[in-house]
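Engineer: No letters, just coordinates:
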């Protein structure tokens, strides 16, 4: 827990420092090529950019602790736009897409991984392996475009745009999100499945499994009752890693399918040098990553009491 | 006349048996379209305007930070949707590029062109039903003025020294100097009229204005849904019942969305796949040569560019047509070191036309007292699209004339802050201005804010002031003709090409002649187009 906070603090320092040294000035980018030195100076003053870096960091991190990520540079005079109001809806969209993808991919990955472990070196194992290798090897945008070409352009079953608007019914949302979810799952199922398979197979050669085999226990019971509990630690770690990826790394999918997620918001903010939004996104990403890894550790300890009592 | 305009659709694909891979993909798109659109080749542009229907336009540069505040409108997303669809200014640019009355019914000026009177149309209403008053106009202008302003239009309104009301419908502008082009300035999309607040300033937060469509739903960075304004001041317009703007940044996603019928129009088609798209019989490609132009700009105060013969040698050492064919794949128009696009009033084509001429380049090099020349040319992909390719081609062309160009690749990030106006020889993307005066005032007069060539010419500056306060057309033609000639012969900007606006749309959409000053039919496509 404590180490998580320390990590987060260090990350916040890195984010702030990295952004402080970015080339280009928000005021100049925001005001465009029509900016004169005078308008730039006016603008910088109104954003508080003329204050020293340390002072800006302290006020930013102080607000962030309370859940206030500051005010976007795009605010007009007298009409503040909080970073939360810009990121909020995007984060909700991203979490929604991530949740659907996770609900589909995690059970599938576990199931395939266990099947592959039980029937290892069979044709089923080999073909699952081959398929997942293909999944890992292709970049996401390629998979996305192929799926789009096949299932949206050639056979117009699904939509090429994943725009969901309030008031859409469940069926349409499902149709709209089918392709991005499929694209994401294609990549992450592979990773989690292979890890599950490897973790279980690794255990299957241990002496206590030999013992269970000698007792005459059925192979699937060996895997589920004897091997799997000991495999949760590596499996939960890789699942946490992939869930974090779902939140922080699907920007390519968001761009290709025009899904208004947080990754896209961050890229836009970087382009327009809206620093508070960039910092907010980075902090949220870091938090998601740290929290999920923490959760993975907790699961590992909970499922394997030995880890809680180091000798 | 000079602008390449209208539709371009190639031959229909021959069939699967003999098709190449490209044609195959074209076919694939065509099959998908067949499901959603009539396969008949409707000659959209010929039908008469009629009301009804809905349409979806895809624009490519919206961000979550976009707001209704006209002072912040930089992207084409904001300028087209908010400037051109939600709002009106006192004047607008019509399809021929002339400034014509919009919210104003008429305008007139004093003899010295210093005092301009605009008369509002009677019965103008905002989207919430409130009447448009003279005070709304005044506050809308003041929004951009004053020392604390950081408005994108600050430079445009700088010459206004006073605005006052005269009766219920007249607004009187007093300028610091005579300016015959003031109606063009008033057409600037930032100078739209929004409701004034009681204590001064304007209330832009609600997105209430006077335009052909009012906001139904606005999600910054995602899209805007709008519906027809029933009280619109132009009889019969607008034609669509509903319009929707969608922000699609990725060009492949835009193209797919158009092919699958999810959108009806896309801005900025990909020139690399344009031929394939043009083969689709249900899609029209519109190519309009606008004001935007690309230059390699030389700082005339830095050696060796301070020598006019060196500048001239470089102007002759570039094969513009080759660059247009190879770097822009034919999607640009050759320019002749004159930033004034041919459709701008008083544009001329200065002689001699600067074409690729190794002998002349060498001759000028000799006159400059040099036998060889080595210069650094700074470019980045943001300098203008395919600028790096263009610069590398230029390097090859110039090498034949004994000029060695080192192409320096700069970072895209911060290019306009750290390279442009800092390095002596750089690639520049100019969005252009609709009049000679505004173009020269912002970029070529001595001390102009964007004078990246640091060029100073006394005669040019004198003519600029003279032309601004001159109302006689023949005299202005003479003045601006001479200015363009001076710039062409002596200036530091090697203007190589005018860009085309290349958009693709479904043939469901019909339109008249497309405006050739600004993007998207001078920003007003939602008002001017209709369903075929």
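Structural biologist: Right, received. Where do you want to start? Note that the coordinates shown come from a computational prediction; the quantities given were computed from them, not determined experimentally. Numbers count the residues shown, from 1 in each chain, chains lettered A, B, ... in the order given.
Engineer: buried residues in the helix ranked longest in chain B?
Structural biologist: Secondary structure of chain B per DSSP state H: the longest helix is helix B:473-490. Residues B:476, B:479-484, B:486-490 are the ones in helix B:473-490 that count as buried (16 or more other C-beta atoms under 10 Å in any protein chain shown). (Each C-beta comes from the backbone N, C-alpha and C, glycine too.)
Engineer: Is residue B:346 part of a helix or strand, or is it coil?
Structural biologist: coil (DSSP: H, G, I helix; E, B strand; the rest coil).
Engineer: Now do it against residue A:223, distance only.
Structural biologist: Distance of residue B:346 to residue A:223, given as C-beta to C-beta, to the nearest Å: 84 Å.
Engineer: More neighbours: which of those two?
Structural biologist: residue A:223 (22 against 18; other C-beta atoms under 10 Å in any protein chain shown).
Engineer: Make a markdown table from the buried residues of helix B:473-490 and add pLDDT and distance to chain A to it.
Structural biologist: Rendered in a markdown table, the data for the buried residues of helix B:473-490 read as follows (pLDDT from 0 to 100; distance: C-beta to the nearest C-beta, whole Å):
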| residue | pLDDT | distance to chain A |
| --- | --- | --- |
| B:476 | 90 | 25 |
| B:479 | 92 | 26 |
| B:480 | 92 | 23 |
| B:481 | 92 | 28 |
| B:482 | 92 | 28 |
| B:483 | 92 | 22 |
| B:484 | 92 | 22 |
| B:486 | 92 | 24 |
| B:487 | 91 | 20 |
| B:488 | 92 | 23 |
| B:489 | 90 | 26 |
| B:490 | 91 | 24 |
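Engineer: Using TSV, lay out those residues together with distance to residue A:309.
Structural biologist: Shown next, in TSV, are the buried residues of helix B:473-490 (distance: C-beta to C-beta, whole Å):
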residue	distance to residue A:309
B:476	92
B:479	92
B:480	88
B:481	92
B:482	92
B:483	87
B:484	86
B:486	88
B:487	83
B:488	85
B:489	88
B:490	86
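Engineer: ok, so of these, who is nearest residue B:311?
Structural biologist: Distance to residue B:311, by C-beta to C-beta, is smallest for residue B:490 among the buried residues of helix B:473-490, at 7.6 Å.
Engineer: residues in contact with the closest one?
Structural biologist: B:308, B:311, B:455, B:457 (C-beta atoms under 8 Å, 6 or more residues apart in numbering or on different chains).
Engineer: from those, which two are the most distant?
Structural biologist: Going by C-beta to C-beta, the pair spanning the contacts of residue B:490 furthest: B:311 and B:457, at 12.7 Å.
Engineer: Please enumerate the shared neighbours of those two.
Structural biologist: B:490-491.
Engineer: So the two - more neighbours on which side?
Structural biologist: residue B:311 (24 against 18).
Engineer: from what I can see the more buried one touches residue B:492, true?
Structural biologist: Yes. Counting by C-beta atoms under 8 Å, residue B:492 is a contact partner of residue B:311 at 6.1 Å.
Engineer: anything in contact with each of those two?
Structural biologist: B:298, B:300, B:305.
Engineer: neighbours around the second one, how many?
Structural biologist: Right, the one you point to is residue B:300. Residue B:300 - counted by other C-beta under 10 Å - has 22 other residues nearby.
Engineer: Nearest spatial neighbour of it, chain-adjacent residues omitted?
Structural biologist: Leaving aside its chain neighbours, residue B:300 sits nearest to residue B:492 (4.1 Å; criterion: C-beta to C-beta, 6 or more residues apart in numbering or on different chains).
Engineer: Distance from the chain centre to stretch A:248-264, please.
Structural biologist: Computed by C-alpha atoms, centre = their mean, to the nearest Å, the chain-centroid distance of stretch A:248-264 equals 11 Å.
Engineer: Do any residues in that stretch lie close to chain B?
Structural biologist: Yes. Contact between stretch A:248-264 and chain B, assessed by C-beta under 8 Å from any C-beta of the partner chain, occurs at A:255-258, A:260, A:264.
Engineer: Can you tell me which of the residues you listed end up in strands?
Structural biologist: Among the residues of stretch A:248-264 next to chain B, no member falls in strands (DSSP state E).
Engineer: By neighbour count, which of those wins?
Structural biologist: residue A:257 (30 neighbours).
Engineer: Count residues in the vicinity of the residue in the stretch 1-150 of chain B positioned nearest to chain A, would you?
Structural biologist: The minimum distance from the stretch 1-150 of chain B to chain A, using C-beta to the nearest C-beta, falls at residue B:65 (3.4 Å). The number of residues packed around residue B:65, counting by other C-beta under 10 Å, is 22.
Engineer: Might you report the residue contacts of the closest residue to it other than its chain neighbours?
Structural biologist: Leaving aside its chain neighbours, residue B:65 sits nearest to residue A:74 (3.4 Å; criterion: C-beta to C-beta, 6+ apart). If a contact means C-beta under 8 Å, 6+ apart, then residue A:74 has A:30, A:81, A:86, A:272, A:274, B:65-67, B:72 as its contacts.
Engineer: got any ranges where the stretch 301-450 of chain B has weak pLDDT?
Structural biologist: Applying pLDDT under 70 to the stretch 301-450 of chain B flags the ranges B:413.
Engineer: what does it have sitting close to chain A?
Structural biologist: Residues of the stretch 301-450 of chain B lying near chain A (C-beta under 8 Å from any C-beta): B:411, B:413-414, B:416-418, B:431, B:449-450.
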